[in-house]
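A.B. asks: build me a model:
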Amino acid sequence: MQKTVYLALFLIIVFSCKSSKDISKNLSIDDKIEILERPLKEVDYEEDIQPIHFIDDIPHFESCSNSNDKKQQLECNRKKITQLIKANYRLNSNEMFVEERVFLPDPQMALHFYVDKEGDLAEIKISPDNWQIKSILNSIKMIPGKKDGRSITVVYPLLLGLKIVKK
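C.D. replies: From the prediction side, this is the model:
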């Protein structure tokens, strides 16, 4: 039943949106990902779960591996997630992306997810809620976070200055 609902929502989104070719002109082919039709993963709360700031190596994309500085990796991850959303989101003909600086307490998009031991994103929450962005994030694979040399599940909050607005 749950798979049917996810599939129906995914198909509605796919067929009701136009292509985002105009948005992704400056993005590389690497930013295009295969959107997986799978249910959102859940976290195994019996595992060791750590906040992102209390681990040795934060979860990151392979393209963000060139820095050992956590702050630079976090910024690289934020930019990569923004790029992936812009490259794979199918905008309606009357919508466009607006990127702004993140100002608290009113970010344009707030994400909260877990990166599990395998590098998959789990329990993705977005404000404002958006199923298409959840599908994109659900398809992402990261290098998992590590503490004391072993992979662990990590809580990952993220604020983006990305907003979808009507033209």
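A.B. asks: which residue is nearest the centroid of this protein?
C.D. replies: By Cα atoms, centre = their mean, the chain has its centre lying nearest to residue 137, at 3.7 Å.
A.B. asks: right, and the helix or strand after the helix or strand containing it?
C.D. replies: Residue 137 is part of helix 131-138 when elements are defined by DSSP states H and E. Downstream of helix 131-138, the first helix or strand assigned by DSSP H and E is strand 145-147.
A.B. asks: who touches that next one?
C.D. replies: 48, 50, 52, 54-59, 115, 151-154 (Cβ atoms under 8 Å, 6 or more residues apart in numbering). In short, each C-beta sits where N, CA and C put it, glycine included.
A.B. asks: roughly how far apart are the residue with the largest distance to the centre of the chain and residue 117?
C.D. replies: For the chain, the residue at maximal distance from the C-alpha centroid (Cα atoms, centre = their mean) is residue 148, at 25.8 Å. From residue 148 across to residue 117, the span is 14 Å (Cβ to Cβ, to the nearest Å).
A.B. asks: one more: residue 166?
C.D. replies: 41 Å.
A.B. asks: looking at these two, which is more packed in?
C.D. replies: residue 117 (16 against 7; other Cβ atoms under 10 Å).
A.B. asks: and that one, how far is that from residue 109?
C.D. replies: In terms of Cβ to Cβ, residue 117 sits 26 Å off from residue 109.
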